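Colleague: coords please:
(one chain, ligands or ions: 1)
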Amino acid sequence: MSASRSAAMHPSIGNRPDPAQATTRGTARDRAYGMLDAASSNLGKSAPMSEETAPAGRVLAIDDEPEILDTYEAILAKQGLRLTRAETLDEGMRLAVSRPFDVLLLDRNIGYDLGTDAVPELKSQAPGLRIIMATAHRDTEAAMEALRLGIDDYLVKPFSPEQLRIAVARQLEARRLNVKVAALESQVKPASGSAGDLDSRSPTMQQALAMAKQVARTGANVLILGESGTGKNVMARAIHAWSPRAAGQCVTVNCPSLNAELLENELFGHRKGAFTGAQDSSEGRVAQADGGTLFLDEIGDFPMVLQPKLLRFIQEKAYERVGDPVTRQADVRLVTATNRDLATMVERGEFRQDLFYRLNVVAITLPPLRERREDVLDLARGFLTRFARDYGCPARRFSDGAEALLRDYPWPGNVRELQNVVERAVILCPEEAIDREQLSLGETASAAPSLNSAVGSDISLEQLERQHIEAVLARAETLDQASTILGIDASTLYRKRKAYGLK
Ligand SMILES: Nc1ncnc2c1ncn2[C@@H]1O[C@H](COP(=O)(O)OP(=O)(O)OP(=O)(O)O)[C@@H](O)[C@H]1O
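Modeller: Predicted coordinates:
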């Protein structure tokens, strides 16, 4: 619990009647005004919260007295926050579980109901929601009750507008940090690739960039196409960064790394007890991306059985958590990417046509690196500088021979392969200039030894594994088949394929 609690104390608290006792408490208007009056007396007790620094967020207030809600609304409006109001506990609960809110202002006594009774259900149904309880209890009792229930903060009535604003701002900040930590934990942090990295000398790439910037301003769904390693992830993050949703989260979900059940759970969340092992509720990625962007990578691998749910979410912005009948809403912009031919998949009945149309509102195709050779050296030099700095290595430039090889090589694994090649060369190079031998391109290209001759020879386990996976992928018809042959699950294969820059 935060220190705003102490700021919320009022000198006359011990003499205040409990608002539950309607006969002794005066009118709601008196108390609402009392709250504003208290503002003048309490102002200066704590540092005022600047309106510019106040975080944006979604606040719900449940109080049976409209005047109090009016007062909350007026105070929070000055902070740039829009309040959603509920005058009964039932209505408030319905809103809290069906729409994503960041902070709940919960009155302890709502008509004949106790707001505190709803807290366990709220914690389970709306995980992540920060709860501030407004109470007329004495401070120690309120603290005990809040601690027992796991409430995030409380305000003892009457409190000043400043106290309310500080308490809400703190909880919004806590919520923002929680969401950020969750997103960072779940997303493998990309090694590189920001919007700025996308600058290009290639006319085809420049066209793709211009289109991406134009569509970023709208809320339209975007489908990014291109071979593996061409920068589709980088482009998706750039579209988010260029969009009016940039302040929200850009949440990535890798479709092939999860089976249909896990993916549904990952996307839409689940209710506590929905399945064995579901000890807590989870809000899911869609809720995390509310107000931001949801990036579904490798959408061609999105399971057929789950496609109707995604379609409905796109059409209605509505979804249900696994094991939970409550319909929720989230305002999410969808960006998807694939290196597969979705149109052909639709023809073969492997992908729903209606979903394809919904995703393919604007399609942006990234050219393979061999078709934008003019960018190879700029990219390679950028990687060299970054890896030499990160690893503290002496490499500063490429020799003329190395530059010629970089320009001529076909780069079947695209930018990812180039990045891997330069990283390895930087680590291995003991001097300032990286020479063509240190690029080891012979090894990764045609000069690679055959597997039979490689076993038992002077090559590392990693090289052997890479070659074996590459060979199996080349002959298997599906990723599932390849993972069965290799004896690893699809998600492990997915990760290894990415790490080795394999198609
Ligand atoms: N323009 C760029 N500048 C710097 N790094 C880049 C650029 N484009 C791609 N990369 C890097 O190359 C790697 C592959 O990029 P990315 O993951 O975006 O490709 P992808 O097309 O999404 O691949 P896949 O289809 O396998 O998911 C990443 O490490 C990324 O940071």
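Colleague: Show me which residues of the chain sit near the ligand.
Modeller: Taking C-beta under 6 Å from any ligand atom as the measure of proximity, the chain contacts the ligand at 190-193, 197-198, 226, 228-234, 297, 337, 339, 379, 415-416, 419, 498. Just so you know, the C-beta spots here come from the backbone N, C-alpha and C atoms, and that holds for glycine as well.
Colleague: now do 8 Å
Modeller: Residues of the chain lying close to the ligand by C-beta under 8 Å from any ligand atom are 190-194, 197-200, 224, 226-236, 254, 297-298, 337-339, 366, 375, 379, 382-383, 414-416, 418-419, 497-498, 501.
Colleague: which of those count as buried?
Modeller: 193, 198, 200, 224, 226-236, 254, 297-298, 337-339, 366, 375, 379, 382-383, 414-416, 418-419, 497-498, 501 (16 or more other C-beta atoms under 10 Å).
Colleague: Tell me the secondary structure of the residue most central in space within the chain, please.
Modeller: Geometric centre of the chain, nearest residue: Val251, 2.6 Å, by C-alpha atoms, centre = their mean. Following DSSP: H, G, I helix; E, B strand; the rest coil, the label given to Val251 is strand.
Colleague: Is it bridged to anything, and to what?
Modeller: Beta-bridge partners recorded for Val251 (DSSP bridges): Leu294.
Colleague: thought Pro246 was touching Arg237?
Modeller: Not quite, residue 246 is Ala, not Pro. No - with contact defined as C-beta atoms under 8 Å, Ala246 and Arg237 do not form a contacting pair (10.3 Å).
Colleague: More neighbours: those two, which one.
Modeller: Arg237 (21 against 14; other C-beta atoms under 10 Å).
Colleague: Now do the helix or strand where the more buried one lies: which elements does it pack against?
Modeller: Per DSSP states H and E, Arg237 falls inside helix 232-242. With contacts taken as 3 or more C-beta pairs under 8 Å, 6 or more residues apart in numbering; DSSP states H and E, helix 232-242 sits against helix 203-216, strand 222-225, strand 250-254, strand 293-297, strand 333-338.
Colleague: quick one, it and strand 250-254 angle?
Modeller: 160 degrees (axes from the mean of the first three to the mean of the last three C-alpha atoms, to 10 degrees).
Colleague: what is the mean pLDDT for helix 232-242?
Modeller: Mean pLDDT, computed over helix 232-242, is 94.
Colleague: Run through who's touching it.
Modeller: Residues from elsewhere that reach helix 232-242 (C-beta atoms under 8 Å, 6 or more residues apart in numbering): 190, 193-195, 197-198, 208, 212-213, 215-217, 222, 224-226, 246, 250, 252, 292-293, 295, 297, 333, 335, 337, 339, 364, 366.
Colleague: If you rank every helix and strand of the chain by mean pLDDT, what lands last?
Modeller: Within the chain, confidence by mean pLDDT, DSSP states H and E is lowest for helix 28-42 among all helices and strands, at a mean of 36.
Colleague: State the paired neighbours of whichever helix or strand comes after that one in the sheet, together with their directions.
Modeller: Once helix 28-42 ends, the next helix or strand along the chain (criterion: DSSP H and E) is strand 59-62. Strand 59-62 has its sheet partners listed here by DSSP bridges as strand 83-86 (parallel), strand 103-107 (parallel).
Colleague: any chance of those strands in a markdown table, plus mean pLDDT and mean neighbour count?
Modeller: Formatted as a markdown table, those follow (pLDDT from 0 to 100; neighbours: other C-beta atoms under 10 Å):
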| stretch | mean pLDDT | mean neighbour count |
| --- | --- | --- |
| strand 83-86 | 94 | 19 |
| strand 103-107 | 94 | 27 |
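Colleague: could you dump those strands to TSV with distance to Thr140?
Modeller: Formatted as TSV, those follow (distance: least, C-beta to C-beta, whole Å):
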stretch	distance to Thr140
strand 83-86	29
strand 103-107	20
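Colleague: so the residue in the stretch 1-150 of the chain positioned nearest to the ligand is in which element?
Modeller: Using C-beta to the nearest ligand atom, the single residue of the stretch 1-150 of the chain nearest to the ligand is Pro100, 27.9 Å away. Counting by DSSP H and E, there is no helix or strand that carries Pro100.
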